[in-house]
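Q: Requesting a structural model of the entry that follows:
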Amino acid sequence: MVQKTTDADRTLLVKWMFAAVTKNPALSGMASLSQADRDKLNAGAAALYDRIILTECRSQTIAALKNEGVESLGQAGQVLGGAAARQLMGSPEVSAEIEKMGSGIEKERWKALAAEAGLPWKDD
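A: Below you'll find the model as predicted:
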């Protein structure tokens, strides 16, 4: 399935996942998406899955359903979602933001933990 998707497909999927998880009360205040925007992303994600499963990967889907059951669709969705998330996380801007957390860790305690585990510590 992943091979049949484009960068734009994976970006759409990440946007859809973001819209979905921001409905969680713990995250709802961090995003201001209208219901119309969410509906558009839901429709786009549905069309993407329809295209991939029902058309582009139809024979593979049928074989997976016969051999592995309905669970294979969930597993395929997880693989595709993982690929989409890796693409998102690979952005230089995202990487730079994630690296900022490192300035807040207790480096000496982490260094001691590494030493206790017998691992080298790389000072920056």
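
Q: Quick check, central residue of this protein?
A: residue 85 (2.6 Å; CA atoms, centre = their mean).

Q: low-confidence ranges in the chain?
A: 124 (pLDDT under 70).

Q: related to what we said a few turns ago, run through who's touching the strand or helix carrying the residue nearest to the centre of the chain.
A: Per DSSP states H and E: residue 85 is located in helix 71-89. With CB atoms under 8 Å, 6 or more residues apart in numbering as the test, helix 71-89 has contacts from 1-2, 5, 7, 10-11, 13-14, 17, 49, 52-53, 61, 64-65, 68, 94-95, 98. To be clear about C-beta, it is placed using only N, CA and C from the backbone, and glycine gets the same treatment.

Q: any idea how far that helix is from the chain center?
A: Distance, stretch centre to chain centre, for helix 71-89: 7 Å (CA atoms, centre = their mean, to the nearest Å).

Q: buried residues in it?
A: 72, 73, 76, 80, 81, 83, 84, 87, 88 (16 or more other CB atoms under 10 Å).

Q: C-alpha coordinates for it, PDB please?
A: What follows is helix 71-89 as a C-alpha-only set of coordinates in PDB (Å, rounded to 0.1, in the frame of the first residue of the first chain):
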ATOM      1  CA  GLU A  71      -7.500  -7.800  10.600                       C
ATOM      2  CA  SER A  72      -5.100  -7.400   7.600                       C
ATOM      3  CA  LEU A  73      -6.900  -4.100   6.700                       C
ATOM      4  CA  GLY A  74      -6.100  -2.700  10.100                       C
ATOM      5  CA  GLN A  75      -2.500  -3.800   9.900                       C
ATOM      6  CA  ALA A  76      -2.200  -2.200   6.400                       C
ATOM      7  CA  GLY A  77      -3.700   1.000   7.700                       C
ATOM      8  CA  GLN A  78      -1.200   1.000  10.600                       C
ATOM      9  CA  VAL A  79       1.700   0.600   8.100                       C
ATOM     10  CA  LEU A  80       0.500   3.400   5.900                       C
ATOM     11  CA  GLY A  81      -0.100   5.600   8.900                       C
ATOM     12  CA  GLY A  82       3.400   4.900  10.200                       C
ATOM     13  CA  ALA A  83       4.900   5.800   6.800                       C
ATOM     14  CA  ALA A  84       2.900   9.000   6.800                       C
ATOM     15  CA  ALA A  85       4.100   9.900  10.300                       C
ATOM     16  CA  ARG A  86       7.700   9.100   9.400                       C
ATOM     17  CA  GLN A  87       7.400  11.500   6.400                       C
ATOM     18  CA  LEU A  88       6.100  14.200   8.700                       C
ATOM     19  CA  MET A  89       8.700  13.600  11.400                       C
END
